[in-house]
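**Student:** Any chance you could fold what I've pasted below:
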Amino acid sequence: MKFTIHLIISLMLAFIISCQSPYTPKPRGYFRIELPEKSYQRFDTTYPYSFEYPVYATISESKYAQGEKYWIDIKFEAFDATIHISYKDVNGNLITYLEDAYTLATKHIPKADAIYDSVIIHRNRDLFGLIYQIEGSEVASPYQFLLTDSTSHFVRGALYFNTIPNNDSLQPVINLLKDDIDHMINTFQWN
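**Tutor:** Just a heads-up that it's a prediction; the model follows:
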């Protein structure tokens, strides 16, 4: 009987002493994202442009084309992401296309922490443009770009994820796809 009383008192003291700090829940965890090895293939068809894109992506006609020729979607099924590529002929209306691209990038300002732009100049390929890197945990499109030869062709691209934006957890995938887009731009050519 004495042993039972000592055991109960010991357990009660241990319980009282161990419960001094408030409960702190663990932060939400995310699944580990397996990133593929880099390897590229050429997109070279009857389109007015060509480039190299990752082998782990597929290209299809854009569902937003609405009668527009040469609009494509580069889909990354493993990441539920798509780069939407639109193409326009330039007929003295380059300023309109540039302003539209700027407007589409700056629509993210309410959710963005920062928007960085980088100029693209490849005179030997008649390739000029801008890259918009849009940072923020709830930004819908973290990477956008536009390319032109300034006389005949205009291409705009935007990376989107088919999920609620949480770019903190998506950052490894965003970095991978940024590298892929940079490779695409560096191998881009007008046909």
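
**Student:** only C-alpha atoms for contact and neighbour calcs from this point on.
**Tutor:** Noted.

**Student:** Doesn't residue 98 lie inside a helix?
**Tutor:** Yes. When DSSP: H, G, I helix; E, B strand; the rest coil is applied, residue 98 is found to be in a helix.

**Student:** worst-scoring helix or strand of the chain, pLDDT-wise?
**Tutor:** Counting by mean pLDDT, DSSP states H and E, the weakest-scoring helix or strand in the chain turns out to be helix 2-18, with a mean of 76.

**Student:** buried set for the next helix or strand after it?
**Tutor:** Downstream of helix 2-18, the next assigned helix or strand under DSSP states H and E is strand 40-43. Within strand 40-43, the residues that count as buried by 16 or more other C-alpha atoms under 10 Å are 40, 43.

**Student:** can you give me the strands in this structure?
**Tutor:** 40-43, 49-54, 58-61, 72-76, 81-89, 114-122, 127-135, 143-148, 153-161, 189-190 (DSSP state E).

**Student:** So what are the sheet partners of the fourth one and their directions?
**Tutor:** Strand pairing for strand 72-76, determined by DSSP bridges: strand 58-61 (antiparallel), strand 81-89 (antiparallel).

**Student:** Against which helices or strands is the longest helix seen in the chain packed?
**Tutor:** Secondary structure assigned by DSSP state H gives helix 167-186 as the longest helix of the chain. If contacts are counted by 3 or more C-alpha pairs under 8 Å, 6 or more residues apart in numbering; DSSP states H and E, helix 167-186 sits against strand 49-54.

**Student:** Which residues does residue 83 form beta bridges with?
**Tutor:** residue 74, residue 159.

**Student:** just to revisit the earlier point, angle of the longest helix of the chain against strand 49-54?
**Tutor:** Here helix 167-186 points in a direction 140 degrees away from that of strand 49-54 (axes from the mean of the first three to the mean of the last three C-alpha atoms, to 10 degrees).

**Student:** Give me the distance from helix 167-186 to the chain's centre.
**Tutor:** With C-alpha atoms, centre = their mean, to the nearest Å as the basis, helix 167-186 stands 6 Å off its chain's centre.

**Student:** Make a markdown table from the strands paired with strand 72-76 and add distance to residue 172 to it.
**Tutor:** Listed next are the strands paired with strand 72-76 as a markdown table, based on distance: least, C-alpha to C-alpha, whole Å:
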| stretch | distance to residue 172 |
| --- | --- |
| strand 58-61 | 20 |
| strand 81-89 | 13 |
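
**Student:** so where's this protein shaky on pLDDT?
**Tutor:** Applying pLDDT under 70 to the chain picks out residues 18-23, 29-31.
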